[in-house]
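Chemist: return atomic coordinates for the entry below.
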Amino acid sequence: MKRAFYSLAAMTMMAVLVTLGLLVLGSCSAEPHQGQTDGGHEPGASTGVRGQAHRAHETSEDGQPASMASLVPIVHLTSFKEDVSRQELSEANALAVPQEYQGLAQNLLNRSSFESFDSPGAVVDHVSRNPGAMGLVPWDQVGPSVKVLTVDGKSLLDPDNADPRDYSLATEGTTAPDPGQLRRMVVGGDIVLDRGQNYMDIQRGMGVDFSLDGGYAAVTSRTPIPSQYSEYGVIHEFTAERRGGSGKMREYLHSADLTLANFENPVIRNAVWHPDAPTFTGDLRLMPILQQAGIDGVTLGNNHILDAGTSGIAETMKHLDDAGIEHAGAGMDLAEARKPMIFDLGGTNIGVLSYQGVPSYEWAWAKEASPGTAPLEAQVMREDIKRLRPKVDLVVVMPHWGQEYLATPERWQVKFAHAAVDAGADLIIGDHAHWAKGIEVYKGKSIFYGTGNFLFDQSWSEETSTGIFEEITLYGDHVLQSRPIPYIVVDKAQPNFLLPKGGGNRALRNVFSVSPGPEFKAYKSSH
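Modeler: Sure, this is the predicted structure:
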């Protein structure tokens, strides 16, 4: 299986975090509440896991699953906490637990005092709106509005290590996820096989392995300087150092069940290296980078896919086809440009739509009988989702949109993303800004407004060198978790995971501080 390498990468990341002593218990000081808090999530927004669940140790004699699900700890989306010990749960000042599960929680934690709520959904809603809160809820009731923690380093929701026998909150009388239905998606930002990639891998002779040899890194200095390439009027020049783990980036990406990214250039045989120009032609010798990353599909609905003319679109699609990489968002006519990618993840079908909506690039939109990109228009999107929805279990919309160097989602982007969810989309993942943008949970669906640069060389600032992966954990057709994973591009070509105290937490704070929605309102008011 493609994710066979992930366990090593995940365990190494956890070991680094534990060694650095970054896993600290969050405060749980909310007053007791009964029932749903004001402005609760819509019914079903964080529930509705479908598919077979297994008993933690064994099934009953008639083969039916037990009626209660194993509990998992949850915290606010902005929490930097990753793991909690069973002892810490036992001693936490306040722990939100649904009434029907308090008996189970008492037995597991040897404590009798909990913050009581009427239902698991009420606990999820409470934790999602209170940055200092912590709760325990059944694993099948979580969703992207909260963050699930591991317990003593073990997880029920890790596709590679979801063995309930190793999970201290699982008991013989509760159900656990069927590991065979857990899947992981990873979505990255802009890839350009020109400029810095060409310079390091070809001109400097580092070879195509260099780009994905990254491991962990830390920002060691930053200097603010005035810049027009920032909504704040300031960018940060920086230095960064590698901190070990060579090759973990490759393992992480290749191990996902589905890996997607935006392909921001044509790839042609007669490619010309552009050291600095804003025109890109990818070198065919660099195509193995995509395969090393296990890229399953790329979006072509962007403002640079026509940098080699309309013939470059056709040649690029042929090279991607030859490499076994799916693509969407551009084509030789409008119908082809609007055609989705569809992936089968062990019986769960995922459809991906790609659109280009960069200001002043409407000229690049495909027409009925002429090449170009899929247009970012609300009516086109609604029609495509309506056509795709019956064929798949999950719909992913990936727009390439908006102004560059903006972390804050633009109002029209928020409106479009909400319209996509209302039309039936399950995930919205945007790019183009060259900065990591804000995120949102709308009607229980995750929206990532901008991923930043992935394999692209804008190394003149920390902001343009820092990106986020969207890591999505699925159980069948249900999104259990979605979270940003920060990294930084070193030496113009090589992404490395940012250590939390080495800039990773700072990158996440920057994202959270501009994120819309009630989940982030309390966070911003407290910072």
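Chemist: for stretch 304-314, list the C-alpha coordinates in CSV.
Modeler: Output of stretch 304-314 as CSV, limited to C-alpha atoms (Å, rounded to 0.1, in the frame of the first residue of the first chain):
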residue,chain,number,x,y,z
HIS,A,304,0.9,29.6,-15.6
ILE,A,305,-0.3,26.4,-17.4
LEU,A,306,-0.4,28.4,-20.7
ASP,A,307,3.2,29.7,-20.3
ALA,A,308,4.2,27.5,-23.3
GLY,A,309,1.1,28.3,-25.3
THR,A,310,-1.9,26.0,-26.0
SER,A,311,0.3,23.3,-27.4
GLY,A,312,2.0,23.2,-24.0
ILE,A,313,-1.2,22.1,-22.4
ALA,A,314,-1.5,19.1,-24.7
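Chemist: quick one: pLDDT of residue 286?
Modeler: pLDDT, residue 286: 98.
Chemist: what sits against the nearest residue to residue 326 once chain neighbours are set aside?
Modeler: Distances taken as CB to CB, 6 or more residues apart in numbering place residue 297 nearest to residue 326, at 3.8 Å, with adjacent residues excluded. All C-beta atoms are positioned from the backbone trio N, CA, C, and that covers glycine. With contact taken as CB atoms under 8 Å, 6 or more residues apart in numbering, residue 297 is in contact with 258, 260, 325, 326, 327, 328, 341, 343, 352.
Chemist: what's the longest strand in the chain?
Modeler: Ranked by residue count, the top strand of the chain under DSSP state E comes out as strand 478-490.
Chemist: what residues of the helix or strand just after that one count as buried?
Modeler: Once the chain leaves strand 478-490, the next helix or strand it forms, by DSSP states H and E, is strand 494-498. Under the neighbour-count criterion of 16 or more other CB atoms under 10 Å, strand 494-498 has 494, 495, 496, 497, 498 buried.
Chemist: any chance of these in TSV, with pLDDT and distance to residue 437 too?
Modeler: Shown next, in TSV, are those (pLDDT from 0 to 100; distance: CB to CB, whole Å):
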residue	pLDDT	distance to residue 437
494	98	23
495	98	18
496	98	21
497	98	20
498	98	17
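Chemist: and the residues you listed, which is closest to residue 411?
Modeler: Closest approach to residue 411 among the buried residues of strand 494-498 (CB to CB): residue 498, at 29.5 Å.
Chemist: surely the closest one is in contact with residue 220?
Modeler: No: contact criterion CB atoms under 8 Å: residue 498 and residue 220 do not qualify, at 11.9 Å.
Chemist: would you map out the domains in this structure?
Modeler: Using automatic domain parsing, the domain ranges for the chain come out as 2-177, 184-525.
Chemist: quote the end-to-end distance of the last one.
Modeler: The first and last residues of domain 184-525 sit 33 Å apart, counting by CA to CA, to the nearest Å.
Chemist: how about low-confidence regions in the stretch 1-150 of the chain?
Modeler: 1-66 (pLDDT under 70).
Chemist: can you give me the helices for it?
Modeler: Secondary structure of the stretch 1-150 of the chain (DSSP state H, counting those that start in this stretch): helices at 6-19, 86-91, 102-109, 120-129.
Chemist: for the stretch 351-500 of the chain, same thing?
Modeler: With helices called from DSSP H, counting those that start in this stretch, the stretch 351-500 of the chain shows them at 378-388, 411-423, 462-465.
Chemist: residue contacts, the residue nearest the centre of the chain?
Modeler: By CA atoms, centre = their mean, the chain has its centre lying nearest to residue 470, at 1.2 Å. Contact analysis of residue 470 by CB under 8 Å, 6+ apart lists 185, 186, 187, 427, 429, 446, 448, 451, 482, 483, 484, 485.
Chemist: do residue 416 as well
Modeler: Listed by CB under 8 Å, 6+ apart, the contact set of residue 416 reads 357, 376, 378, 381, 399, 401.
Chemist: starting from residue 316, give me the distance back to it.
Modeler: Taking CB to CB, to the nearest Å as the measure, residue 416 falls 26 Å from residue 316.
Chemist: from memory residue 96 sits against residue 128, does it?
Modeler: No: counting by CB under 8 Å, residue 96 sits too far from residue 128 to count as a contact (11.0 Å).
Chemist: quickly list what's touching both of the two.
Modeler: With CB under 8 Å, 6+ apart, residue 96 and residue 128 have no common neighbours.
Chemist: the more surrounded of the two?
Modeler: Relative neighbour count places residue 128 above the other of residue 96 and residue 128, with 30 against 26, counting by other CB atoms under 10 Å.
Chemist: report how many residues lie close to the closest residue to that one other than its chain neighbours.
Modeler: Leaving aside its chain neighbours, residue 128 sits nearest to residue 145 (4.2 Å; criterion: CB to CB, 6+ apart). Around residue 145 there are 25 other residues, counting by other CB under 10 Å.
Chemist: same thing with the one 3 residues further on?
Modeler: Around residue 148 there are 21 other residues, counting by other CB under 10 Å.
Chemist: measure how buried the closest residue to it other than its chain neighbours is and give me the count.
Modeler: Leaving aside its sequence neighbours, residue 148 sits nearest to residue 72 (CB to CB, 6+ apart; 5.1 Å). Residue 72 has 25 neighbouring residues, counting by other CB under 10 Å.
Chemist: mind listing what residue 72 touches?
Modeler: Neighbour list for residue 72: 136, 137, 138, 139, 142, 148, 149, 151, 156, 157, 169 [criterion: CB under 8 Å, 6+ apart].
Chemist: give me the secondary structure label for residue 197.
Modeler: Here residue 197 is helix, with the state taken from DSSP: H, G, I helix; E, B strand; the rest coil.
Chemist: give me the distance between the spatially closest residue to it that is not a sequence neighbour and residue 189.
Modeler: Leaving aside its sequence neighbours, residue 197 sits nearest to residue 493 (CB to CB, 6+ apart; 5.1 Å). Residue 493 is 14 Å from residue 189, where distance means CB to CB.
Chemist: what's the answer for residue 402, then?
Modeler: Residue 402 is 13 Å from residue 189, by CB to CB.
Chemist: any shared contact partners between the two?
Modeler: The contact sets of residue 402 and residue 189 overlap at residue 450 (CB under 8 Å, 6+ apart).
Chemist: neighbour count for these two, which is higher?
Modeler: The residue with more neighbours, out of residue 402 and residue 189, is residue 189; 29 against 22, by other CB under 10 Å.
Chemist: in terms of secondary structure, what does the helix or strand that contains the more buried one contact?
Modeler: Using DSSP H and E, residue 189 sits within strand 182-191. Applying 3 or more CB pairs under 8 Å, 6 or more residues apart in numbering; DSSP states H and E, we find strand 182-191 packed against helix 248-255, strand 258-263, strand 453-455, strand 466-475.
Chemist: quick check: neighbours of that strand in the sheet, parallel or antiparallel?
Modeler: If you go by DSSP bridges, strand 182-191 pairs up with strand 258-263 (parallel), strand 453-455 (parallel), strand 466-475 (antiparallel).
Chemist: out of these, which is closest to residue 118?
Modeler: strand 466-475 (24.5 Å).
Chemist: what comes up buried for the closest one?
Modeler: Buried residues in strand 466-475 (16+ other CB under 10 Å): 466, 467, 468, 469, 470, 471, 472, 473, 474, 475.
Chemist: please apply the same query to stretch 166-173.
Modeler: Under the neighbour-count criterion of 16+ other CB under 10 Å, stretch 166-173 has 167, 169, 170, 171 buried.
Chemist: can you check stretch 75-85 too?
Modeler: 75, 76, 77, 78, 79, 80, 81, 82, 83, 84.
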